[in-house]
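Colleague: What shape does this take:
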Amino acid sequence: MLISTLMSNEQEAIQALYAQDTLREWERMERHSTEFAVTLRALAEYLPPAPARVLDCGGGPGRYAIELTRRGYAVTLFDLTPELLALAEKKAVEAGIALAGYEQGTATDLSRFPDASFDAVLVMGPLYHLLEAADRRQVAAEAYRVVRPGGIVALAFITRYAGHHDALARYPHRALEQVETYTKILETGQLLPEEDRIGFVAYFTHPTEVDPLCREAGFKILTTLGVEGLASMHEAGLSALDAEGQQFWLDFNYRVAADPSIHGAVEHLLAICRKPRWRAVLREIAQQLNAEDLDYRGVGGTALALRGLNVPVNDIDLEMPVEAVYRFQELFTSYTADPIARRENENVYSHIGRFDFDGLKVEVMADLHWRRGERWLASFLSTEATVDLDGIPVRVLALEEEALAYLRRGRLDRAALCLPQCDTPRFLALLQAAIQAGNI
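Modeller: Numbering: from 1, shown residues only. Coordinates of the predicted model:
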């Protein structure tokens, strides 16, 4: 195991907390059986088939790691606390299984693992304890880096009101004695470490923070689940039921877990995300086009998604000058599905070709014109912006011109997505110029 020697005060507090009673953390999933069962069902639905490589980042004593190993996965367990890792090794031996590895460290630094080295990553613990937004973003970014394109990442969160629910259910007078603490959690989400005392350090995430964190990291969110479902703070009665009764409530809780109306009233949220393959493909394409110094623009949904807007990307659309589009074909000949050619129908003409990157469609266009009545209007391509894609600059149409293109095509839904992020004077100047030129 590799032991980190540099830890923040928060990390030291959390490590000490978990080290003092490792068995309690192992038994937590027995006390909260709905959380465990619903999470396992979600993993069964969304993880790639075994024997996929899984990193259980912050997996503590290995409850999920051991169960997934039983199911045929190759799981590496990674955690901050050496004592929890030691307990996990012991429990794995008792279960008669062998994990792929045990590693000690912090979830903000997964540098020992190469890019795209896992088929799935579980982050079901670290985000509970990171007080600063920058650290939480770093955890998501590291999970994104080490999972392969198309891979699954599961991120778990303690919800903003979980501490208040717990106090009301078990010790309602505590909040009266610690008004400042509970008010700070309500207002900031932060539960700070106490000096010279081992205690819980936590960030209680508001449900509205989950999507932005995941999308900023580059993930496509498949679902967000309130893992306690309707059993939140009512699990004691479930343990008294027979197997049929418990299965009934498990089915029911899984059914409602994705309903956002309950997400503020459960203790934990689980976001199941995918690292989109299109980002890896576009990154590869952009690297080569940049090296050739070719003029190009990412346009349409691709350009919007690169800016973090919530639009689906089913394929990649690129526009470029005529000479560049034929050079593109030379660079990517082996991916050609429909060779570049000038094509025309009643609504549009363009030099256009289609390419297939292992199932992902890429459409490349030049000299694109749209028919409006008796006229042909050229596609907007007068502006350029650059968006960083995992360290590679990608050239895209300026968002103001993108919004204008959507307006001209009657795509008011897409224009409405763009406009809040547009520079208003720049957009109005482009709009006025387009009107004067008769291009809109």
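Colleague: just for the chain, where's the confidence low?
Modeller: 1-9, 194-198 (pLDDT under 70).
Colleague: Tell me the residue in it that is farthest from the middle.
Modeller: For the chain, the residue at maximal distance from the C-alpha centroid (CA atoms, centre = their mean) is E374, at 45.9 Å.
Colleague: Can you report phi and psi for that residue?
Modeller: Phi and psi for E374, reported as degrees, to the nearest 10, are phi -90, psi 0.
Colleague: dump the residue contacts of it.
Modeller: By CB atoms under 8 Å, 6 or more residues apart in numbering, the contact set of E374 is empty. Just so you know, the C-beta spots here come from the backbone N, C-alpha and C atoms, and that holds for glycine as well.
Colleague: show me where the stretch 51-200 of the chain has helices.
Modeller: 63-70, 82-95, 133-146, 162-170, 174-177, 179-188 (DSSP state H, counting those that start in this stretch).
Colleague: tell me the most buried of those helices?
Modeller: helix 63-70 (a mean of 22; mean count of other CB atoms under 10 Å).
Colleague: To F113, which of the helices of the stretch 51-200 of the chain lies closest?
Modeller: Checking the helices of the stretch 51-200 of the chain against F113 by CB to CB gives helix 133-146 as the closest, at 4.7 Å.
Colleague: Residues contacting that closest one, please?
Modeller: Against helix 133-146 from outside (CB under 8 Å, 6+ apart): 55, 57, 107-110, 113-118, 121, 123, 126-127, 130, 153, 155, 203, 213-214, 216-219, 275, 390.
Colleague: any idea how this protein splits into domains?
Modeller: Using automatic domain parsing, the domains assigned to the chain come out as 9-275, 278-436.
Colleague: Confirm for me that L99 is in contact with A88.
Modeller: Yes. Assessed by CB atoms under 8 Å, L99 is found in contact with A88 at 7.4 Å.
Colleague: Find residues that contact each of those two.
Modeller: 62, 65-66, 77.
Colleague: As CSV, those residues with distance to L250 would be great.
Modeller: CSV is the format used below for these (distance: CB to CB, whole Å):
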residue, distance to L250
G62, 22
A65, 21
I66, 20
L77, 25
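Colleague: so which two of these are the farthest from each other?
Modeller: Taking CB to CB as the measure, the shared contacts of L99 and A88 span a maximum distance of 8.7 Å, between I66 and L77.
Colleague: Could you check how far the residue farthest from the centre of the chain is from Q436?
Modeller: Distance from E374 to Q436, counting by CB to CB, to the nearest Å: 20 Å.
Colleague: try H234
Modeller: 66 Å.
Colleague: same question, F427
Modeller: 15 Å.
Colleague: more neighbours, these two?
Modeller: Shown here are F427 and Q436; by other CB atoms under 10 Å, F427 has more neighbours (19 against 9).
Colleague: That one touches A405, doesn't it?
Modeller: No. Contact criterion CB under 8 Å: F427 and A405 do not qualify, at 11.8 Å.
Colleague: A116 is in contact with R148, correct?
Modeller: Yes. Contact criterion CB under 8 Å: R148 and A116 qualify, at 4.2 Å.
Colleague: So for the two, which sits in the more crowded spot?
Modeller: R148 (19 against 15).
Colleague: which residues does the more buried one contact?
Modeller: 116-119, 275.
Colleague: any chance of these in CSV, plus distance to T386?
Modeller: Output for the contacts of R148, formatted as CSV (distance: CB to CB, whole Å):
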residue, distance to T386
A116, 24
S117, 29
F118, 30
D119, 31
K275, 22
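Colleague: Just the buried ones from those, in ChimeraX syntax?
Modeller: Of the contacts of R148, the buried ones can be selected in ChimeraX as follows, counting by 16 or more other CB atoms under 10 Å:
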select :117,118,119,275
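Colleague: Please, where are all the strands along the stretch 251-400 of the chain?
Modeller: 268-274, 297-299, 315-319, 336-344, 348-357, 360-372, 375-378, 385-389, 392-396 (DSSP state E, counting those that start in this stretch).
Colleague: and the fifth one, C-alpha only, in PDB?
Modeller: Spelled out, that is strand 348-357. Provided in PDB are the C-alpha atoms of strand 348-357 (Å, rounded to 0.1, in the frame of the first residue of the first chain):
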ATOM      1  CA  VAL A 348     -29.700  22.400 -48.300                       C
ATOM      2  CA  TYR A 349     -26.500  22.000 -50.300                       C
ATOM      3  CA  SER A 350     -23.000  21.400 -49.100                       C
ATOM      4  CA  HIS A 351     -19.800  19.500 -49.600                       C
ATOM      5  CA  ILE A 352     -20.500  16.800 -47.000                       C
ATOM      6  CA  GLY A 353     -19.200  13.500 -45.900                       C
ATOM      7  CA  ARG A 354     -19.900  11.100 -43.000                       C
ATOM      8  CA  PHE A 355     -17.400   9.200 -41.000                       C
ATOM      9  CA  ASP A 356     -17.900   6.300 -38.500                       C
ATOM     10  CA  PHE A 357     -15.500   6.200 -35.500                       C
END
